[in-house]
Structures are given as C-alpha cells and as structure tokens.
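# Quick one, fold the following:
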Amino acid sequence: MARDTTDLTPIRSLDELVDHIRAGEKPASAFRLGTEHEKFGYRLADLSPVPYEGEDGIRRLLDELQARTGWEPIVDDGRIIGLAGGSGEGAISLEPGGQFELSGAPLETLHETLDETQTHLSHVKAIADGLGLGFLGLGGSPLWTLAETPVMPKSRYNIMKRYMPKVGTRGLDMMFRTCTIQVNMDFSDERDMARKMRLGLKLQPLASALFANSPFTEGKPNGFLSWRSGVWLDVDNQRSGLLPFAFEEGFGYRDYVEWALDVPMYFVMRDGRYHDATHVTFRQMLDGALKGEVPDPEPNMGDWANHLSTVFPDVRLKRFLEMRGADGGPLADIVALPAFWCGLLYDAASLDEAEALVADWSFEEVDRLRSAVPRLALNAPFREGTLLDVARRILPLAEAGLERRDRRDAEGQSEAIYLQPLRERVATGRTAADDLLARFEGEWAGSFGDLFAARRF
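Residues are numbered from 1 along each chain as shown. Model (predicted):
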C-alpha cells in the first residue's frame, strides 16, 4: 500500500475533491507506467514465514536495504516499515503479513520496468541470502494459516484488522495471505479516464485469469486457480469490486467522488498518529462527524488522498488509474502485467478496438465472469464460448499497441517481447496455476520445498 499522505489544506467544497483527481491529467507524451509487485518472504531452512523482529527478520532486511540503497527510511511509531527513494524513485513498503512490496517509479518504457525490478530483486536477494531468507512469487500464501502469519507493526493495519471481519468474511485473508502485481496508468482528460476505467473494469476478469497463480492454501490444493481473486469476492463490497456507475455513459470524476464519499473511512492521521474512523463515511466527516473525537477534526486534502487509497475497486482512480486484478508472480509476470495494459490503453488504435469489442458487455455479465474466474480462469464461460476466446481476440490488440509504440531496447526489440508468458497461456489455455498443480501432483510428488524453489525470486 502507498505511503500515507500529509496535506493540511482544508477542504472547502466538493469541487476541490474532483479537482484533486483532475490534477492527474497529462498529455499522452507524458504518460508513464508505475508497476507494483508484492512477494512472500520465507525462511529457507524450514519454509516458515518471516517475522518483523529478529536477526533474520523483516526489520533487519529493511535496515540493510536502507544502508545498501541510501533510500530514506519510512518510520511508524519508531519502527522502520519501508523505504522511500529519491525524487521519482519509488518506494518499498510492507503489507500486513510481511509481504514485501516494490512500488515502482513512473517510467516511460517497459524496458525500464524490467531494469527497475531486476535491480530491486538483486538488492533484496543479496541481503536475503545472507539472512537465510527467500522470496516467493505467488498470488496466495501456500502454507501458512492466518494464525501462523506474522503481523507487521504498521498502525493503520491494526485498524483494518479490527474492522475487516465486520464487513466481509475474507478481509484478513486479503490482508495477510495475498500478493498482487498492479500497474498505474495515466489519463489525458476526463473522457480518457472514463474510457480506460470502463475498459479496465470489463477486462479485469481476463487479467485475473491470465495471471492466475494461487492454487495452494495451508499446505494443499485449494480448488482455485486464482484463490486471491476468490478472496476479493467477499472482502468489503462497499469499497471493492466492480463499479456499476462506471459502465454508464457520461461517467466522470464526480461520479467516482460521490461514490467514495459514502464509503466508510479507515482512519485519519493527526500529528503522525492514526485515529480509527471506521464508523463514519468521508461525507459524514465533511459534515463534522469527527468533532470531539480526534484532534483537528476538520477534513483536509491529506485525509482525502488517504481515503482514496483505502477504497479497493478492481480499477482504482486517484491521480492515475490502478489496474488491480492480477495475482503475484515471477519476474516475467511482473513485466507482462504492465505490458498487457500498456498495449491496450496507451495506443489509440488498440484502445478503440478493445473498446468496440466489449462495448455491449453489461455490468451483470462482467460480474458473473468475475465470480467464475477464481476457479475456472480462462475456462470461465462467457456468452457462446469461454474467456479464452476473449483472450484470443484481446491479446493481439495489446501486442499491436506495443509494436506501434515502438519503444526499443538495446537489442532493437519492442516492448511486445514482455507478452510472451501470456502468448503461451493463450496458445495452450493453461495458466501458471494449472502448470503448478500439474508439477505438484507429478514431478514434485506433493513437495512444497520444490514449489518454493520453483517460485523463488
């Protein structure tokens, strides 16, 4: 999750909340890609999870990474919980169960995304090897129960941990036992945002299927190909899932703002402290609901920015759009995910063609598809065929878009090279999860040691 924001500018009108999002607009020439990925840490000796404290703990890892990179430590109540790079360099943060996240810098090309990710992983591996630790590229925690999963000392997570069981059955699984890859995409104006939001929501089940990579839980196959996507079906449906109003013509910034205003808050930050605000919506806070409960109860723009980071639709709107549907995975997937969306959304012809292909998809159809994907992935039924049939039409659009972008690496290759994992999945109809299950039941003979070795960064 992103670093929480402090901006004490008072909020005087709803127009300012809309303008906060509108400020993200930029010309197509300035579009960038911000890729984020999470990974599970584990002890090489016994495949156990990594606690925060201890000689081989997450804190030690962060301290050594800080010394190695020179990045600024992010501290919560005296404890290091992340690192911030210099201007435009991204950040490292901790998810609730110790999942290690790189929030990448906004970069111009996917070649830079690969370089950034490889550099980060090399730093992490150099330190982790010395501590007897490994990191795992999967979408769901394959072995550990919730009780066995460590809890990171991040104040906002204490609030979320108390609140999640009140609003859904899977919130704690989401927090502590899932990993994702996502990409942040720019927009040029309100219409461009709406087109990308709508297409992103309609195709997010396809992304979940293409990147399905979480078939194990608590030491056995769990019956899913993307267990993580199944978890998201009942986390907190007030703040997550599809957005029916975004399927309607005329959708814009204000519609999203009006929706977010009525989502319960998690917290407000005052003088570096987190105050529980889960009993009020942001609209109620604007109306004075926190007076007498927290210091400086009048809402400010930092509160709004933080609130926007605590709603979880399949495509999230801030000053950019976040594509949120993919399971965590290996290096090739970390670059393939932004490649998929870049090819579709940053090329005008591909955007037009993809938009036309899904133009008559209804909210109800996409919602059914979203519910079928966790177990069936590319075999999920859709109209007269399956999601695989859709993939066969969409993936070539992404590839053509990347070819037209014509961003070449030192060997003269276009960014379309990063779609190779997806080409293989579409050609065979098999996801990464299908392959893991086959190897687990075959050559690995049920050995999680082999699974961890195969998915270790």
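
# show me where the stretch 51-200 of the chain has helices.
Ranges of helices within the stretch 51-200 of the chain are 58-69, 110-131, 155-167, 171-177, 190-210, based on DSSP state H, counting those that start in this stretch.

# Would you mind saying which of those helices lies nearest Pro221?
Pro221 lies closest to helix 171-177 among the helices of the stretch 51-200 of the chain, at 15.5 Å (Cβ to Cβ). (Each C-beta comes from the backbone N, C-alpha and C, glycine too.)

# mind listing what the closest residue to Leu243 other than its chain neighbours touches?
The shortest distance from Leu243 to any non-neighbouring residue, by Cβ to Cβ, 6 or more residues apart in numbering, is to Pro313 (5.2 Å). The contact partners of Pro313, taken as Cβ atoms under 8 Å, 6 or more residues apart in numbering, are 201, 239-243, 324.

# will you turn the helices of the stretch 51-200 of the chain into CSV that also has distance to Val373, mean pLDDT and mean neighbour count?
Listed next are the helices of the stretch 51-200 of the chain as CSV, based on distance: least, Cβ to Cβ, whole Å; pLDDT from 0 to 100; neighbours: other Cβ atoms under 10 Å:
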stretch, distance to Val373, mean pLDDT, mean neighbour count
helix 58-69, 32, 97, 18
helix 110-131, 25, 98, 18
helix 155-167, 23, 96, 17
helix 171-177, 16, 98, 23
helix 190-210, 5, 98, 24
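
# Same list, those, but as a markdown table with distance to Thr431 please.
As requested, the helices of the stretch 51-200 of the chain are exported to a markdown table (distance: least, Cβ to Cβ, whole Å):
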| stretch | distance to Thr431 |
| --- | --- |
| helix 58-69 | 30 |
| helix 110-131 | 21 |
| helix 155-167 | 28 |
| helix 171-177 | 19 |
| helix 190-210 | 7 |
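
# Can you get me a residue count around Ala454?
Other residues near Ala454 come to 15 when the count uses other Cβ atoms under 10 Å.

# Please apply the same query to Arg405.
Applying other Cβ under 10 Å, I find that Arg405 has 18 neighbouring residues.

# ok, now Thr9?
Neighbour count of Thr9, defined by other Cβ under 10 Å: 11.

# Repeat that for Lys220.
By other Cβ under 10 Å, neighbour count at Lys220 equals 13.

# and it, how far is that from Leu451?
For Lys220, the distance to Leu451 equals 12 Å [Cβ to Cβ, to the nearest Å].

# Glu108 now?
36 Å.

# Then Ser371?
Counting by Cβ to Cβ - Ser371 and Leu451 are separated by 27 Å.

# Look at those two and report which has more neighbours.
When neighbours are counted by other Cβ under 10 Å, Ser371 and Leu451 differ, and Leu451 comes out ahead with 21 against 15.

# in which helix or strand would I find that one?
Leu451 belongs to helix 448-454 when assigned by DSSP states H and E.

# Tell me the predicted confidence for Pro5.
Small correction: residue 5 is Thr, not Pro. As predicted, Thr5 sits at a pLDDT of 69.

# Tell me which stretches of the stretch 351-457 of the chain form strands.
For the stretch 351-457 of the chain, the strands defined by DSSP state E, counting those that start in this stretch occupy 381-382, 385-386.

# Would you format these as a markdown table with mean neighbour count included?
Output for these, formatted as a markdown table (neighbours: other Cβ atoms under 10 Å):
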| stretch | mean neighbour count |
| --- | --- |
| strand 381-382 | 15 |
| strand 385-386 | 14 |
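
# Which one of the ones you listed lies nearest to Pro153?
Minimum separation from Pro153 across the strands of the stretch 351-457 of the chain (Cβ to Cβ) falls at strand 381-382, 44.0 Å.

# got the contact list for that closest one?
365, 369, 372, 387, 389-390.

# Give me the subset of the residues you listed lying in helices.
Residues from the contacts of strand 381-382 lying in helices, with DSSP state H as the criterion: 365, 369, 372, 387, 389-390.

# In CSV: the residues you listed, plus pLDDT, neighbour count and distance to Asp186.
Formatted as CSV, these follow (pLDDT from 0 to 100; neighbours: other Cβ atoms under 10 Å; distance: Cβ to Cβ, whole Å):
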residue, pLDDT, neighbour count, distance to Asp186
Glu365, 98, 15, 28
Leu369, 98, 24, 27
Ala372, 98, 18, 31
Leu387, 98, 24, 28
Asp389, 98, 13, 30
Val390, 98, 24, 25
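
# Closest to Arg430 out of those?
For these, the nearest to Arg430 is Leu387 (13.2 Å; Cβ to Cβ).

# Pretty sure the closest one sits against Arg370.
No: between Leu387 and Arg370 there is no contact under Cβ atoms under 8 Å: 10.7 Å.

# Find residues that contact each of these two.
Pro205.

# and the closest residue to Phe245 other than its chain neighbours, what helix or strand is that in?
Excluding the flanking residues, the one nearest Phe245 by Cβ to Cβ, 6+ apart is Asp255, at 5.2 Å. According to DSSP H and E, Asp255 maps onto helix 253-261.

# Any idea how far the next helix-or-strand element following that helix is from the middle of the chain?
Per DSSP H and E, helix 253-261 leads on to strand 267-270 as the next helix or strand towards the C-terminus. Its chain's average C-alpha position is 23 Å from that of strand 267-270, according to Cα atoms, centre = their mean, to the nearest Å.

# List the neighbouring strands of strand 267-270 plus their orientation.
Strand 267-270 has the following strand partners under DSSP bridges: strand 273-276 (antiparallel).

# which residues sit against the partner strand?
Contacts of strand 273-276 (Cβ under 8 Å, 6+ apart): 155-156, 158-159, 162, 266-269, 293-294.

# Without its sequence neighbours, what residue ends up closest to Leu47?
Take Leu47 and drop its neighbours on the chain: the residue closest to it by Cβ to Cβ, 6+ apart is Phe452, 5.7 Å away.

# Hmm, I typed the wrong one, I wanted Ala30.
Ranked by Cβ to Cβ, 6+ apart and with sequence neighbours excluded, the top spatial neighbour of Ala30 is Asp186, at 7.2 Å.

# before we move on, the earlier item: can you add distance to Ala67 and mean pLDDT and give the strands of the stretch 351-457 of the chain back as CSV?
Output for the strands of the stretch 351-457 of the chain, formatted as CSV (distance: least, Cβ to Cβ, whole Å; pLDDT from 0 to 100):
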stretch, distance to Ala67, mean pLDDT
strand 381-382, 51, 98
strand 385-386, 51, 98
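
# Can you lay out those strands as a markdown table showing distance to Ile74?
Converted to a markdown table, these look like this (distance: least, Cβ to Cβ, whole Å):
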| stretch | distance to Ile74 |
| --- | --- |
| strand 381-382 | 43 |
| strand 385-386 | 44 |
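
# No more questions from me, cheers.
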